[in-house]
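**Q** have a look; sequence and predicted model below, questions after that.
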Amino acid sequence: MKTPVLARAHGVLLACALLPAPALGKGGELYRYHNDQGNVVVDYQVPAEYVGKGYEVLNDEGMVIRVVPRELTEEEKKAADAQKKLEDAARAEQERLRQWDESLMMRYSTVADIEAARERAQQDLRIRLSILKGNRRSLKQKVENYQAQAADIERAGMEVDVERLRAIEDLQNEIGATDRAIADRQREIEDVAATYQLDIDRFEQLLEVVELRRTLSQRP
């Protein structure tokens, strides 16, 4: 028979055995962080007020297996976004130049090839421009004919018919549209010249690099 003292001790041990164990991190992980006093704390969990300040995750041997960085401030987030935009723009420019270089090297062998292509493109635009100017002269001649007819009618003391006046107005509108088309073609000719000049400049740079590499490779 157990004495009362032994019975009480057995009851205490049984109660302790039934208490839940301390909550551990996943796989026995520990967490190391700094508190408000700047002291290093290692615990089974990180208090909510310190989570945003960052912490380290340790395994059961005390080794760092993961680092959770602190949250960025609003200013830091803006700076990070700006930096990301700059990096994205740099990557986009790098890709644009790469595609440009590949296209030039595939299409041309010499600067003369580019100049010939430029001349062909401009010649096509010059032909279109010439046609537009011819159309404009024809339209202008028709307007002058109608105006001469209207003047003859007025000198004869009669009123110019509405159809004739409307025809003059329609022709003048068509001349205006043709003038705008002529201006567009002229700008296209200038743009083509500028675009091909950029190709020539870039191609010459590529040739210089190719020649430089050839020279360096021949050095003992």
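**A** Ah, there it is.
**Q** the chain: helices as residue ranges?
**A** With DSSP state H as the criterion, the chain has helices at 4-18, 48-51, 74-107, 111-155, 162-217.
**Q** what residues sit buried inside the third one?
**A** Neighbour-count burial for helix 74-107 flags Leu104 (criterion: 16 or more other C-beta atoms under 10 Å). C-betas here are computed from N, CA, C, even on glycine.
**Q** pLDDT averaged over that helix - what is it?
**A** The predicted model assigns helix 74-107 a mean pLDDT of 94.
**Q** so what does that helix touch, helix or strand wise?
**A** With contacts defined as 3 or more C-beta pairs under 8 Å, 6 or more residues apart in numbering; DSSP states H and E, the packing partners of helix 74-107 are helix 162-217.
**Q** please state the offset of the helix it packs on from the chain centre?
**A** 25 Å (C-alpha atoms, centre = their mean, to the nearest Å).
**Q** ok, stretch 36-49 next?
**A** Remark: stretch 36-49 is offset 43 Å from the chain centroid, using C-alpha atoms, centre = their mean.
**Q** got the end-to-end distance for it?
**A** Distance across stretch 36-49, first residue to last, is 10 Å (C-alpha to C-alpha, to the nearest Å).
**Q** show the average pLDDT along it.
**A** The predicted model assigns stretch 36-49 a mean pLDDT of 93.
**Q** domains of this protein?
**A** As assigned by automatic domain parsing, the chain contains the domains 4-68, 108-217.
**Q** so which of the ones you listed is the most packed in?
**A** When the domains of the chain are scored by mean count of other C-beta atoms under 10 Å, the highest mean neighbour count falls to domain 108-217 (a mean of 13).
**Q** out of the helices of the chain, flag the one nearest Gly62.
**A** helix 48-51 (19.4 Å; C-beta to C-beta).
**Q** before we move on, back to that, format the domains of the chain as TSV; extra columns: distance to Arg98.
**A** TSV is the format used below for the domains of the chain (distance: least, C-beta to C-beta, whole Å):
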stretch	distance to Arg98
domain 4-68	36
domain 108-217	12
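**Q** contacts only, for the nearest residue to Ile189 once chain neighbours are set aside.
**A** Nearest non-adjacent residue to Ile189, counting by C-beta to C-beta, 6 or more residues apart in numbering: Leu125, 4.9 Å away. Contact partners of Leu125, counting by C-beta atoms under 8 Å, 6 or more residues apart in numbering, are Arg185, Glu188, Ile189, Val192.
**Q** rerun at 6 Å
**A** If you count contacts by C-beta atoms under 6 Å, 6 or more residues apart in numbering, Leu125 has them with Arg185, Glu188, Ile189.
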